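Enquirer: Attaching a predicted model along with its sequence, questions to come.
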Amino acid sequence: MPRALILVALLLVVSSARAKKGGFEDEMHPRVADKPLEIVFTPWYCATCLEEKRIEGEKKDITILRLPVAEVLKLAEVSKNYYVIETPHFRILSTLKRDRIKWDTRFAKADAYRLKEIFPRLKIGLQGFSVNAHQRAHLYHIRAERIFAHFSALTGSDKPKSGGPFKQTRWLGMLAPYQLLLWDDYSQHHGVTDALIGRQNDKAGLQHHEKEDPNFMVYTTADSLIQGSERAFNNHVIHNIAHNLCDGFGNYYRQTWAFIEEGVAHYYERREAAAPNTFCWAEGTSPTLFNKAKWSKTIRNLVLRKKDPPLGSWCEKLRPGELNGIEQGLSWSIMQWMIETDPIRFTRLLEKNQDRKNKPTAAEAIHYAFGVTPNTLHERWRAWVLETYPLKDR
Ligand SMILES: [Zn+2]
Ligand SMILES: [Zn+2]
């Protein structure tokens, strides 16, 4: 085929992979080609929406971290301008302030039109749209459910299972909704983590597993911790929602290998916007190699220069903070490869992680899912990088 034709063919493939509905991009089903992903964000409960007659029903008492909301707010020293929303899969508490949302994230327009279904008078402009504090809380309601819908479809969790290695619930195996606490200021966030979670460093937000029955996953963070735009805060929140979904998958009473957990978190974050990136970095400064937005170029260069450490040498690491700079970037790319080229085997890998009886190593789980050693898998991924990344700039 002449070069120009090959290019045209490739461009067609790329553009058909992007769903354009009314001129903007929305989520596609991760397992079915050309099928738009259904994002369910109704029904929801929100006391303010009830007062404003956006929803019908009775007033409900909602608990956060197993306490009545009023007690949690007392710890945060918040008495007004807060919103509590129960969605199909999340319980969200937000004290975030009003903001302006630009079209600088991938699904911003699609989310704006979903938000308009809740707030019909929302004005969607040429450059973006403005949200008040209540609307911003619901924007995170929509974003969280969108990521949930994607991860759920990706792992086949949107279909009821018969049998299987673990008990399936509507929360991917967890026994109660995921909780998301989005504070405007660090002091509010810290008041709650200090009293109820009690761990030292909460400055990158805090992921927490409430282990008693019914167990659930919490992520709490504050807007003031993130320097920069709303886009930066969105990336940070999406990264950490992805962490919790990954851990919650199959009910969280084990650890998830860092290359999966961190890779999936980077994957979801970078689908929103290629920068700025969130690093779950235990100490010191974040990886300078990946400060730029174009990670695929960096990774292609690492592969070409054979500077990519083989997966077998780092796949057993458990904490995201244990991954070094190069491994942070590679984890993203390896997960992108698995998710976008073989979601079934990706899911088998996650399922093997649930095998609490045999407690497999990462190498054993990789063998179970892909039938090869981690280093053979690494070679396959390298071939994909060399074939694919010249065409991608994300
Ligand atoms: Zn509301
Ligand atoms: Zn992370």
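Expert: That came in fine, so what should we check first? Ligands and ions are numbered 1, 2, ... in the order given.
Enquirer: could you list every residue that touches residue 309?
Expert: Each residue near residue 309 by CB atoms under 8 Å, 6 or more residues apart in numbering is listed here: 326, 327, 330. (C-beta placed from N, C-alpha, C; glycine too.)
Enquirer: Walking through the protein, point out its helices one by one.
Expert: 3-16, 47-51, 69-76, 108-118, 133-154, 186-192, 230-248, 258-272, 295-304, 325-341, 343-352, 362-370, 374-388 (DSSP state H).
Enquirer: Any chance of a markdown table for those, columns mean pLDDT, distance to ligand 2 and mean neighbour count?
Expert: Formatted as a markdown table, the helices of the chain follow (pLDDT from 0 to 100; distance: least, CB to the ion, whole Å; neighbours: other CB atoms under 10 Å):
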| stretch | mean pLDDT | distance to ligand 2 | mean neighbour count |
| --- | --- | --- | --- |
| helix 3-16 | 43 | 28 | 10 |
| helix 47-51 | 97 | 32 | 16 |
| helix 69-76 | 98 | 24 | 18 |
| helix 108-118 | 98 | 22 | 19 |
| helix 133-154 | 97 | 14 | 23 |
| helix 186-192 | 97 | 17 | 20 |
| helix 230-248 | 97 | 5 | 23 |
| helix 258-272 | 97 | 4 | 25 |
| helix 295-304 | 94 | 15 | 19 |
| helix 325-341 | 96 | 9 | 22 |
| helix 343-352 | 95 | 16 | 18 |
| helix 362-370 | 98 | 17 | 20 |
| helix 374-388 | 97 | 20 | 17 |
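Enquirer: So the residue of the stretch 201-350 of the chain found nearest ligand 2 versus residue 295, what's the distance?
Expert: Per CB to the ion, the residue of the stretch 201-350 of the chain with the smallest distance to ligand 2 is residue 280, at 3.2 Å. Noted for residue 280: a distance of 16 Å to residue 295, by CB to CB, to the nearest Å.
Enquirer: got it, and residue 109?
Expert: Look at residue 109 and residue 295: by CB to CB, they are 24 Å apart.
Enquirer: same thing with residue 67?
Expert: Residue 67 is 40 Å from residue 295, by CB to CB.
Enquirer: Repeat that for residue 301.
Expert: 11 Å.
Enquirer: ok, whichever residue of the stretch 251-394 of the chain sits closest to ligand 1 - contacts?
Expert: Closest residue of the stretch 251-394 of the chain to ligand 1, CB to the ion: residue 272 (22.8 Å). By CB under 8 Å, 6+ apart, the contact set of residue 272 is 105, 106, 107, 231, 234, 235, 238.
Enquirer: mind running it again at 10 Å?
Expert: 104-108, 143, 146-147, 231, 234-235, 237-239 (CB atoms under 10 Å, 6 or more residues apart in numbering).
Enquirer: likewise residue 217?
Expert: 171-172, 174, 176-180, 207-210, 241, 243-248, 252.
Enquirer: hmm, try it at 7 Å
Expert: Remark: with contacts taken as CB atoms under 7 Å, 6 or more residues apart in numbering, residue 217 is in contact with 174, 178, 209, 244, 247, 248, 252.
Enquirer: That one pairs with what?
Expert: Beta-bridge partners recorded for residue 217 (DSSP bridges): residue 209.
Enquirer: quick one: it and residue 71, what's the gap?
Expert: On the measure of CB to CB, residue 217 and residue 71 end up 20 Å apart.
Enquirer: With residue 266 instead?
Expert: As defined by CB to CB, residue 266 lies at a distance of 35 Å from residue 71.
Enquirer: which residues does the closest residue in space to residue 382 that isn't next to it in sequence contact?
Expert: The spatial neighbour of residue 382 that comes closest, neighbours along the chain excluded (CB to CB, 6 or more residues apart in numbering), is residue 303 at 5.2 Å. Residue 303 sits next to 382, 385, 386 when contact means CB under 7 Å, 6+ apart.
Enquirer: From ligand 1, how far out is residue 249?
Expert: 28 Å (CB to the ion, to the nearest Å).
Enquirer: burial count for that residue?
Expert: 25 (other CB atoms under 10 Å).
Enquirer: ok, back up a step: list the contacts of the nearest residue to the residue of the stretch 201-350 of the chain closest to ligand 2 once chain neighbours are set aside.
Expert: Spatial nearest neighbour of residue 280, excluding adjacent residues (CB to CB, 6+ apart): residue 320 at 3.8 Å. Residues near residue 320 by CB under 7 Å, 6+ apart: 258, 261, 262, 280.
Enquirer: mind checking how far residue 320 is from residue 281?
Expert: Counting by CB to CB - residue 320 and residue 281 are separated by 8 Å.
Enquirer: Just the pLDDT for the closest residue to residue 102 other than its chain neighbours.
Expert: Leaving out its chain neighbours, the residue that sits closest to residue 102 by CB to CB, 6+ apart is residue 128, at 4.1 Å. pLDDT for residue 128: 97.
Enquirer: now swap in residue 255 and tell me
Expert: Predicted confidence (pLDDT) for residue 255: 87.
Enquirer: What is the burial count for it?
Expert: 11.
Enquirer: and it, what is it in contact with?
Expert: Listed by CB under 7 Å, 6+ apart, the contact set of residue 255 reads residue 318.
Enquirer: Next, the contact list for residue 171, please.
Expert: 89, 177, 178, 248.
Enquirer: surely the last one meets residue 172?
Expert: I take that to be residue 248. Yes. When contacts are counted by CB atoms under 7 Å, residue 248 is listed as touching residue 172 (5.2 Å).
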